[in-house]
Structures are given as structure tokens and as C-alpha cells.
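Q: For reference, the sequence and a predicted model appear below.
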2 protein chains.
Amino acid sequence: MTESTRSADTTSTDDIRSASPLRHVQSVDFEGPISLSLGGELSRVSCAFETWGRLNQDASNAVLVCHAISGDSHAARHDESDDPGWWEKLIGPGKAIDTDRLFVVCPNVLGGCRGTTGPSDIDPASDPPRPYGADFPRITIADMVDVQHMLAGHLGIKRWHAVVGGSLGGHQAMTWVTRYPKSAQTCVIIASSPRLTSQALGFDVIARNAIQTDPYFAGGQYYDQNHRPDTGLAIARMLGHITYLSSEAMEDKFDPDRHDPRQIASSFEQRFSVGSYLAHQGEKFTTRFDANSYVTLSMAMDLFDLGATRLQLMETFNDSDCDFLLVSFSSDWLFTPRQSRDIVAALTALNKRVTYAEITSTAGHDSFLVDRDIEQYAGIVEARLGKIETRQSDLSPVEELILSLIPSGASVLDLGCGDGNLLAALRGRGHDDLVGVEVAQANILKAAGRGLNVIDYDLNTGLPAFIDAQFDFVVLSATLQAVSNVAELFDEMLRVGKRVIVSFPNFAYRKLREDYVVRGRSPRAPGEFNYRWYDTPNRRFPSIADVLDLCREKQIEVQQEVYFDSETSAEISPEDDPNLNADTAILVISQPGSPTNP
Amino acid sequence: MTESTRSADTTSTDDIRSASPLRHVQSVDFEGPISLSLGGELSRVSCAFETWGRLNQDASNAVLVCHAISGDSHAARHDESDDPGWWEKLIGPGKAIDTDRLFVVCPNVLGGCRGTTGPSDIDPASDPPRPYGADFPRITIADMVDVQHMLAGHLGIKRWHAVVGGSLGGHQAMTWVTRYPKSAQTCVIIASSPRLTSQALGFDVIARNAIQTDPYFAGGQYYDQNHRPDTGLAIARMLGHITYLSSEAMEDKFDPDRHDPRQIASSFEQRFSVGSYLAHQGEKFTTRFDANSYVTLSMAMDLFDLGATRLQLMETFNDSDCDFLLVSFSSDWLFTPRQSRDIVAALTALNKRVTYAEITSTAGHDSFLVDRDIEQYAGIVEARLGKIETRQSDLSPVEELILSLIPSGASVLDLGCGDGNLLAALRGRGHDDLVGVEVAQANILKAAGRGLNVIDYDLNTGLPAFIDAQFDFVVLSATLQAVSNVAELFDEMLRVGKRVIVSFPNFAYRKLREDYVVRGRSPRAPGEFNYRWYDTPNRRFPSIADVLDLCREKQIEVQQEVYFDSETSAEISPEDDPNLNADTAILVISQPGSPTNP
């Protein structure tokens, strides 16, 4: 294989490519033959790309950014006179993907129509020369990544600091770290999935049908014809647009002037504002995109399949040696949060370092490109790429006590980890294998911003993401009283942790009993849990005796008991009726028959 | 206007109509001109329809069934040798729409292609004669209903016992009772909406674009051509199919054999099982449906708009004089439960008699046609059509006491009404204006089965469906302890009811205090509320004193207090420390300054 570089703007003659300024696009040619994953081959491949920042001496600061189906290499502007890129809010000097610090590379994908070899390029084997058209071989995401892998070699990058992508770009990022397990230090996967849902697949099939049954498609060889399959491509794009938006976003956008469409010149229906919008978007797309490329790329996306079950996903990711960050969006129904959770569940079971946040948004799949939502997740991308907040943990006495119960080096799962105070303190003491679970978005972002592995997860659904005996310790600190499925959670904690530390306020504490008996009011809670009866987030009011009862009932072994009165900071001996005299309890429990000393 | 009857199977020459057996289809011609709501007119209209059962002497047992966009008059079989209909599970002898008892009429819609006048029929004004094609005037749901109204006249039906419809059929049912306010005793609206979401509208626009840009569409005059716009129509149908299914249903249907499609003869892509299914469904549809009709009917649906706000919906339904039943399905994302709730909120505010149930289902919009889901809602349709369960209420002592506090004739809203025990007893005592709110599906179905007005509704979202001072009494019986937003709910109850009756278990009852103090265990609840601390559905543990405190804090007037010890059935005087001695409290409260006697 040989390679040569050139500037894409001098070699491109395809007017489709001229939609965005090309002066920063570089290009490299790889001579083949290059084997494709489904059996075909390409005799040569050009790869167009843009870069930002400077590669450092040991080539350790390179970040690969992978674009989505209709995107291109122009992820961000290169200077002030340049057009903004599609991830402008995320990439640039001082931004989350900081081009002052990092060398960022964004290539156009194989099969596309923006500079990297695709169906609209001349087939070298043709005589007389003509574009590949429908003869372009069927490709997969793996083939796209293989071309990027050649590009990395060309640039002298042996290991990416990070591979980052949204949507189809996420598919590429995952393919990188599964196909080349040691190729990246970090893998950032935004609004993506292990495979498409059948619903998303169905939409893609319809889009391709619209293109391929357009009479001007001409079996894919339309390049020398007077017409292109613009109608089919526009319909495909309209369909895509609906799937990228949420129903809520469409309501906000189109309901106020439903019957008052913008007047545009179009052969498509324009009776409703949404129709006028779709007609405009559909037709605009045909001026910058090639129908064969759309068919090629959407088929590659539809064939992408890392596995349908957790076991299959675990096999896929087993060898990957990198940190992971996954971000999904609550209103994304194309690449759903559940699909991101499926990936996370496989990664956590494999004990990979993974952070996952589901961002509350209304913009649907498009959220990953929307400034308002980028602002939400930019901080955790920045942290995953190495710029973490190193604020000292300010521990409460209970947290100090919990810490003292965990032997050095132990792996810990902290359930309801808040902003990561306890985990950060453990990390400060040298613990390495630490995972937090949290459900409040603000806390997740804070904990992740400290560089901790934190997973967006509702404890009321159990702990299915984790495997048996995965952690030396599972911690449930000051969270028990807010959990609805207490009994199941105890089972789950004891399944996942060799030992479990539970701290909780004692609702039978002397002063609370007095309060209840004397005043005849709904039981209050000690200290910070003291809400009013009608607006407390607490929904369980256990006493120490209650929890010990439950342990007996479930034959759970209580290995250690620490009780104290937080008002006086005095420890209460188990002989000194802690159920009356302690307002806080910390229990270390384990399944029956566990060794008392690990 | 003159009319004449004929049998459709002798007059239909359109092969599209021959897809289902026509031997039970009748037809009537109406000579016009018939004015259309958007300004056009039709010189004559044929209406094809089927009937089941016999019209009784005073024509009071007639039920109109309205079909959806691709349906037809064949809603059920007429005899054992007949093909099953699209609502076979719901309509027939002894079924929910009981043809032993009721005279059921199902007409084909105006604009369709199944016997009633539509674009594929000969335009009487054309010379030489040719089908309307694209010259068929733009119609609305109101025009469909006007033709049905003429049919009712023809059949001698002045007032329907019920108009019933799902999806587009629901639009027709609502148009009936808003356009002809006294035309029906009951209106049953299944899986429908006051207008389409912008998302649904967008899908329809794309479907019409696919049809109308098909080169064989030929501006709508394709009937004498060699080809029809089958490709466009098939693509429209494929798109429809995805919107009728839920993502979950598609996963179940297509994921197991995603890469193993059925082999069918089709010009559409068949790489995936979902593609093969869509190709088959799309092509099958072209053999039984006319593209112009699809455009006409989907445009009528898209133009349907009863109002975007509650105020607009209230204006629309203001004059309707009928009972309402609305049913939606949890997985329906085309006509969403929220849209049904919007209608319900307008109807409740107007004090219409309305029952609403959101059925938990996985089948998406199709749920209304799926046997398993029909089984869920058939009982409430049957009850709304008059066959109600008249089981006696077996009242608890608390309920008896509540009853005794409500003066005869008072209107009552029962929050958390369970299976309707209290409401049924009130009805037995002659109360007329009664509404229940409940969130458990089984209870909703039971209460509705008793013929009560019950609304599927989560109290934790407040009471936005009801207007100020709508009821003489609002009852919250044995539900307070399970509500999370207590303070807001008190505000809402006092806004909606002139008086509010709250009954609740007293968590400061003597025995509970003793239990708490002596045993040091999480407070338990009296009687039936006595769950274990870790699995109780209770999340509030108020004492009588707590609730009275809250009333004082909110300046709520306590008009009556009834306390008792349910173990001994003894009433406890307010002077006899009920907070200690009563396990149950019933308070009648009102906003400050309310009259003490209504």
C-alpha cells in the first residue's frame, strides 16, 4: 500500500462537495487493493480530513472526531473567517475538546460524498471511466474505520487520546475500540446505539426505497444523466428529519403556525408549516448530498450490529482497553437512552471504566448537535478527555466512618453517590476501581466532572448492570430512606458486592420517639433529613431494629455495626441500646457464609 | 335531494373494491348538489354501508361505527360463512357492541375507494365520462359525517344510541357530536385526538409527497393509464405501518430474525426482515386501495382540528349532549394518550359525563384493532352502551360515614375512587353528578363497568382537568397517605370542590405510638394499611394533628371533624384527644370564608 497527500480543493471536481468551504480540507490517497469486510475490495482510497491544533512530540494528544450520516470533516471553524462547524460549541480553543491542548482530526467517511472515496468517484476499473454508482461495494462501519486507521498511520498516530462520535459517529468510535482494542485511551459515544432499533431500521429501508425507486435513480448510474434521483433523496431526507426531532420539538416548532406555511418554491406539498419545512430541508439536501452515498451510508449503519444481548455486547467489548463515556438524550427516540444503557450494562459487567449520563432534553436525536444540550454534556466530555476538577472532598463524619471501614485497594460501588464526595476521597487514598451510581443529573455531571466513573441509573430498577461479586464493597450511604424497593435492593447489593455498607438515619432515635409520642406528629428524621411530613423525599422510616430485623429475615450476616449520635459525635456501643440512643447507623453486611475478614 | 337504494355488488365495477366480499354491502344514492365544508360541491353521492342486527321500533338502538383510514364497512362478519371484520372481537351477537340488542351501521367514508363516492368514481360533470381523480374536491371529516347524516335519515334514525370510532373513526365520532350536538346518546372515541401532532402531520405530508411525485401519479388522472402510482402508494403505506406499531412491538416482531427476511417477490429492498414485511404490506395495499383516496383521506385527517387549547376544545364540545367514553393506549405514539387527555380535560371542565381509560399495551396505535387489547377495553364500551354491572356496594364504616356527610343531590368528585364503591352508593341514593378519578387500570375498568364516570388520572399531577368550584364535594378517602404532593393536592381539591372530605388513617393512634416507642420499629399503619416498613405503598405518615396543622398553616377552614376507633367502631369526640384515641379521621374542609352550610 502506498500513499500520497494532496489538497482536496484542487482535486475535487464534484460539485456536491463544494457546499462548504474546502480550504482547510486535506486529503491523502491510499493505494490498494484495500479489502472490505464484506468481501469486496477497493483498488485505492482517498481520505479527506481536517485537523485543528498541533500534534505533540509523542503523538499522545490526538483526538479523532467521527461525523454522522450527513456530516462532514468540518466539525469546527479553523479561524474567525471560517464557517462554523457542526460541533462548533464542543471543539475549539479552550472548549471541551480543546484545540489549544489537543490535536483534533475529523475525516470524511468512506462511502460519503464529501471528499473521501465514495460512489460518486470514478471507478478506477471502469473503461471508459465512470463513477462507481451502484457498483460501489457494500461497506460497513468497520471499513470506514479501517480507512481512518490508515489515516492515523499516515499522521503518525499510534494511539488516539480519544475517539469521539455522535450517532453514526458513535458507531465508528465503538468500532475503533472493538476492532482495534488498544487504539484509544478514551472512547466517547454520544447519542448512539449498539445496533439500530427495528423501527429505525424500518425508516431507513423506506428512505432507500424512495431513492432506489425514483425513476431517475437509473440503477445508480445517474451521474451522466440530465436528472438525479432528487425526489427520492429529498423524501429520504424529510423522513430522516422527523426521526431526528422529538414530537415535542416539532410541536414547539410547527404548531404555532401550523396552517401558515412559509412560501417556498418546491414541487412538494406545502399546505402546512411542517410540510413547507420538510420540502425545504429535503430539496436543500439534494444540492449537497449524493443519493448513492446516502444509500451506502445508511446501509452501513443498518448493518452495524455489536450484539443484541448483553452477553454478545460483552464479547464485543471484552478486549477494549479504554475509558468510556456515553451520553444519551431523554427525548431521543431514534437512538434511545435504553440502547446506551445496554452498552453501559455490558461495559460495567466487564469492569470497564465507564461514565454514562442521560441528558434531559427536548430536541430529540438532534440534541447532540444543539448548543443548549452541548452545554450540558460538554463538561463531562472535557473531564473524560483529561481536564478534571480536583476539588478536595469535604467529608461528613458518617462518610469518614464509612471510609475507615473500607480496606485499602478495595473496589467500591457507591449507590446514590451524589457529586462523588466519597469516591473522590477513596481515589485520594489510592483506590482505583471505583464506580458511582446516581440519578440526579446535576450530581452526575459534577461527579463525572471530577473524573469519576459515574453511571446514570435508578436504584429502584435493581442493579442489573452489574455482575455477581463484582465489587469488594457496595456502599448505600444516606439513601435507604428514599428507596421504594428496599428488599430487592438488599438482595441486589449482596449479589453485586462481597460486602455491603449501609448507613441510614435511625427513625427510632430517642428524640424522634419523644417527638412522636409527646407531640403526636408524623415521625421526623434526624439532621439533614428533617423535612415536613407532606413534602419529604423520604418514603421509608426504618429504625436500626427494623433493618436488623430485615437482615435476620433474609439471613443476612451483619459483620460490623457502628452507631453514633451525630449531635454529640459520640459513638454508641451495640450494648447501649443504639436503637434508642443513636441517630445514625452504619452496618457492614454480607451474604451468609461470607468470610468475616476478606 | 332525492335518494335511491341499490346493492353495491351489482353496481361496483372498480376492481379495487372487490378485495372483500361485498354481498352484505348496501348502498344508497343521494342526489345533490351536496355542499362541502371547504366550498366545493358534489352533484351526487353514493354511500355504501353494512348493517348488523335489527332496528327497533322507536329507532333507539342504532349504533354508528366509523372506520379508520384504510378500513371499510366490513367491521364484523354477518354470518358464519362470512369473512371476519376489522372489529370482529368487539361487534357481534353477545359481544360488547351486541348485535342481538343493537342495530349496528358501518358506512364507508366519503372520499374512500370502497363503495362510497370518492376520487376513483366517475365525475358526473365530465364529458366524456372519466373519474374525478385529482378533481375530486377537497373534503373534511365534516363532509364525511354529513353523508353519514343523510344515511341516518335514510335509515330512519333520528338519534344514534352511540357513535363509535377508532383513529380517523374517532375523528368522525367527535365531529358527529360537535356538528350535530343532539345526534347521539353516547360518543365512543378510541385511540384518537383533537388534531394530529405535528409529527404525525409530517409523516402524512411525506406519504402524500411519495404518492404525488410518483411519475405514474400523472396529476391524479392515472385511471386510464397502464400504470398506477403503486410505488408511491406502497411507500406511503410502509410509513403508515411504522407509525401504527410501537418500537417495542417492532422489536418483538422483527428483531429475532432481523437478518433473515421472508423471501417475497417485490421490487423493494428486502435485506432485513422488517424490509421484507414493509415491502409486502406496501405492495398488498396497492391491490386494494386507490392513491387518490389515500391523499384525500389523509388530507381530511390532517385538516381535522377541534382546537389546540383547552379553551378551544371547550368551545367545540360545549353544545354536545351525550355521554363520552375515551380510550387510549400507552404505547400509541401516533395518537397519544396525552391527546386523549386533552379532550378529557375539556369535557370534564364542561361537566360532561365522561369516562377515560388509558390501556397499558405494547401494540402502539394498532392496539385498538388488536384482540388482546380489545379484550381490555370491550367491557367499558359495553357498559357505556348501556349494559352495566349493578352490583351492590359493600361499604366500609368510613365510607358510610362519608356518605352521611354528603347532602342529597350534591355533586361529588371522588379522588382515588377505586372500583367505584362510594360513587355507586351515591348513585343509589339519587346523586347524579358524580365523577371518579383513579390510576389503577383494573379499578378504572371495574368502576366504568358499573356505568360510572371515571377518569384515568394520576393525582400527583394535580387536578388541572377540573375547573374552580366544579363540585359540591371532593372526596379523598384513604388515599392521602399514598400521595407525594400533599400540599398542592390540598390546594387543588379546595379549588375544585366547594367542600372537601378527607379521610385518613391516624399514624399517631395510641397503639401505633406504643408500638413505635416500645418496640422501636418504623411506624406502622392501622388496619388495612399495615404493610411492612420496606414495602408499603404509603409514603406519608400523617397524624390527625399533622393534618390539622397543615390546615391551620394554609388557613383552611375545618368545618366538621369525625374521629373514630375502627376496632371498637366507637366515635371519638374532638374533646377526647382523637390524635391519641382515634385510628381514623374524616375532616370536612373548605377554603376560608366558605359558608358553613351549603
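A: Happy to help now that I have it. Numbering: from 1, shown residues only, chains lettered A, B, ... in the order given.
Q: tell me the SS of the most centrally placed residue in chain A?
A: Using Cα atoms, centre = their mean, the residue of chain A that lies closest to the mean C-alpha position is A:Leu326, 1.9 Å off. The three-state assignment at A:Leu326 reads strand, by DSSP: H, G, I helix; E, B strand; the rest coil.
Q: any idea how far A:Cys417 is from it?
A: For A:Leu326, the distance to A:Cys417 equals 17 Å [Cβ to Cβ, to the nearest Å]. All C-beta spots, glycine's among them, are computed from the backbone N, C-alpha and C.
Q: Just list the residues touching the closest residue to A:Ile190 other than its chain neighbours, thanks.
A: Of all residues not flanking A:Ile190 in the chain, A:Gly166 sits nearest, at 3.9 Å (Cβ to Cβ, 6 or more residues apart in numbering or on different chains). By Cβ atoms under 8 Å, 6 or more residues apart in numbering or on different chains, the residues touching A:Gly166 are A:Ala68, A:Trp87, A:Ile190, A:Ala191, A:Ser192, A:Phe368, A:Leu369.
Q: Roughly how far does the third one sit from A:Trp87?
A: Using Cβ to Cβ, one gets 10 Å for the distance from A:Ile190 to A:Trp87.
Q: Also the last one?
A: Between A:Leu369 and A:Trp87 the distance, using Cβ to Cβ, works out to 7 Å.
Q: Of the contacts of A:Gly166, which is the most crowded?
A: A:Ala191 (32 neighbours; other Cβ atoms under 10 Å in any protein chain shown).
Q: pretty sure it is touching A:Gly170, no?
A: Yes: with contact defined as Cβ atoms under 8 Å, A:Ala191 and A:Gly170 form a contacting pair (6.6 Å).
Q: Now the common contact residues for those two.
A: A:Phe335.
Q: So which helix or strand of chain A has the lowest pLDDT on average?
A: helix A:8-11 (a mean of 31; mean pLDDT, DSSP states H and E).
Q: Next SSE downstream of that helix?
A: Next along the chain after helix A:8-11, taking DSSP states H and E as the criterion, comes strand A:26-35.
Q: Direction included, what does that following strand pair up with?
A: Here strand A:26-35 has these sheet partners by DSSP bridges: strand A:3-7 (antiparallel), strand A:41-52 (antiparallel).
Q: Quick one: these as JSON lines, columns for distance to A:Ala585 and mean pLDDT too.
A: What follows is those, written out as JSON lines (distance: least, Cβ to Cβ, whole Å; pLDDT from 0 to 100):
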{"stretch": "strand A:3-7", "distance to A:Ala585": "67", "mean pLDDT": "45"}
{"stretch": "strand A:41-52", "distance to A:Ala585": "54", "mean pLDDT": "97"}
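Q: any idea which of the ones you listed is most buried?
A: strand A:41-52 (a mean of 21; mean count of other Cβ atoms under 10 Å in any protein chain shown).
Q: and the next helix or strand after it, what other elements does it pack with?
A: Sequence order places strand A:62-66 as the next helix or strand after strand A:41-52, per DSSP H and E. Helices and strands touching strand A:62-66, as assessed by 3 or more Cβ pairs under 8 Å, 6 or more residues apart in numbering or on different chains; DSSP states H and E, comprise strand A:103-107, helix A:141-155, strand A:162-166, helix A:168-179.
Q: tilt between strand A:62-66 and strand A:103-107?
A: Angle of strand A:62-66 versus strand A:103-107, following axes from the mean of the first three to the mean of the last three Cα atoms, to 10 degrees, is 30 degrees.
Q: Could you tell me the average pLDDT over strand A:62-66, please?
A: Averaged over strand A:62-66, pLDDT sits at 98.
Q: roughly how far is it from the heart of the chain?
A: Strand A:62-66 sits 16 Å away from the centroid of its parent chain (Cα atoms, centre = their mean, to the nearest Å).
Q: for stretch A:324-335, same thing?
A: 6 Å.
Q: Render the CA-only coordinates of that stretch in CSV, please.
A: What follows is stretch A:324-335, C-alpha atoms only, in CSV (Å, rounded to 0.1, in the frame of the first residue of the first chain):
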residue,chain,number,x,y,z
PHE,A,324,-15.7,5.1,28.1
LEU,A,325,-18.1,8.0,28.2
LEU,A,326,-21.6,7.5,27.0
VAL,A,327,-24.2,10.3,26.7
SER,A,328,-27.8,9.9,25.6
PHE,A,329,-30.8,12.3,25.5
SER,A,330,-34.1,11.7,27.1
SER,A,331,-36.1,12.8,24.0
ASP,A,332,-34.1,10.8,21.5
TRP,A,333,-36.4,8.1,20.1
LEU,A,334,-34.1,7.2,17.2
PHE,A,335,-31.1,6.2,19.3
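Q: how about it against chain B, any contact?
A: Yes: with Cβ under 8 Å from any Cβ of the partner chain as the measure, stretch A:324-335 is seen reaching chain B through A:Trp333.
Q: Kindly report the residues of the stretch 351-500 of chain A close to chain B.
A: Residues of the stretch 351-500 of chain A found near chain B (Cβ under 8 Å from any Cβ) are A:Asn485, A:Val486, A:Ala487.
Q: repeat that with 10 Å
A: Counting by Cβ under 10 Å from any Cβ of the partner chain, the residues of the stretch 351-500 of chain A close to chain B are A:Gly364, A:Leu480, A:Val483, A:Ser484, A:Asn485, A:Val486, A:Ala487, A:Glu488, A:Leu489, A:Phe490.
Q: Next: the stretch 51-200 of chain A.
A: So the stretch 51-200 of chain A meets chain B at A:Arg138, A:Arg195, A:Leu196, A:Thr197, A:Ser198, A:Gln199, A:Ala200 (Cβ under 10 Å from any Cβ).
Q: can you give me the mean pLDDT across stretch A:377-394?
A: For stretch A:377-394, the per-residue pLDDT averages 88.
Q: I meant stretch A:170-189, not that one.
A: Averaged over stretch A:170-189, pLDDT sits at 98.
Q: Run a quick neighbour tally on A:Arg429.
A: If we define neighbours as other Cβ under 10 Å, then A:Arg429 has 10 of them.
Q: so where does the spatially closest residue to it that is not a sequence neighbour fall, helix or strand?
A: Using Cβ to Cβ, 6+ apart and skipping residues adjacent in sequence, the residue nearest A:Arg429 is A:Ser408, 6.7 Å away. When elements are assigned from DSSP H and E, A:Ser408 belongs to no helix and no strand.
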